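Undergrad: kindly generate the corresponding structure for this input.
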Amino acid sequence: CNLTLMFSLVQAIAAAEAGAYLISPFVGRILDWYKAAHKRDYTPQEDPGVKSVQDIYNYYKKFGYNTIVMGASFRNVGEITELAGCDYLTISPNLLEDLFNSTDAVPQKLNPAGAASLEIKKREYLNNEADFRFDFNEEAMGVEKLREGISKFAADAVTLKQLLAQKIQ
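TA: Residues are numbered from 1 along each chain as shown. Purely as a prediction, here's the structure:
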């Protein structure tokens, strides 16, 4: 299964503990939220969406989780190159073309060996819903983006149901 609407390390840890095969953190949507909330731009190196995926990747590799990290929803090439070495990246055709046409080097930024040497605190959420809820709710962006995503999925489900009902009648 691919878990989407992934906006925080807290969610990612719970997903890995539950045995998720693949998660898709939305790099660009995280960046969009921070730009709107803080009224500023971010370089690729300080991009909050990039930092989120880096944190998730490093946590998974440090603690031996097999869940695949697939960064998604990129806004620019810099986000992609900052995540070179991530398990998977889903990249739009226009950004793939930009990468293809670029002569810039793309050094590997993420790797399991590098993650193994990092000082990262192990957290556990699968059997501790109270800690999960507390830690997740400490991240306004994650809470807001998850709520927004679920609301959009629910609205799309209603629209789909209406379309299908029209086709059946």
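
Undergrad: just after the helix or strand of the chain with the lowest mean pLDDT, pick out the following helix or strand.
TA: In the chain, the helix or strand scored least confidently by mean pLDDT, DSSP states H and E is strand 2-6, which has a mean of 91. Downstream of strand 2-6, the next assigned helix or strand under DSSP states H and E is helix 9-17.

Undergrad: now the helix or strand that comes right after that following helix: how far from the chain's centre is it?
TA: Sequence order places strand 22-25 as the next helix or strand after helix 9-17, per DSSP H and E. When C-alpha coordinates are averaged (CA atoms, centre = their mean, to the nearest Å), strand 22-25 and its chain have centres 6 Å apart.

Undergrad: list the neighbouring strands of strand 22-25 plus their orientation.
TA: strand 2-6 (parallel), strand 68-71 (parallel) (DSSP bridges).

Undergrad: confirm for me that residue 131 is in contact with residue 17.
TA: No - Residue 131 is beyond contact range of residue 17, at 11.8 Å (criterion: CB atoms under 8 Å). All C-beta spots, glycine's among them, are computed from the backbone N, C-alpha and C.

Undergrad: more crowded one of these two?
TA: A direct count of neighbours by other CB atoms under 10 Å for residue 131 and residue 17 places residue 17 higher, at 18 against 13.

Undergrad: was I right about the more buried one contacting residue 124?
TA: Yes - taking CB under 8 Å as the definition, residue 17 is a contact partner of residue 124 at 6.8 Å.
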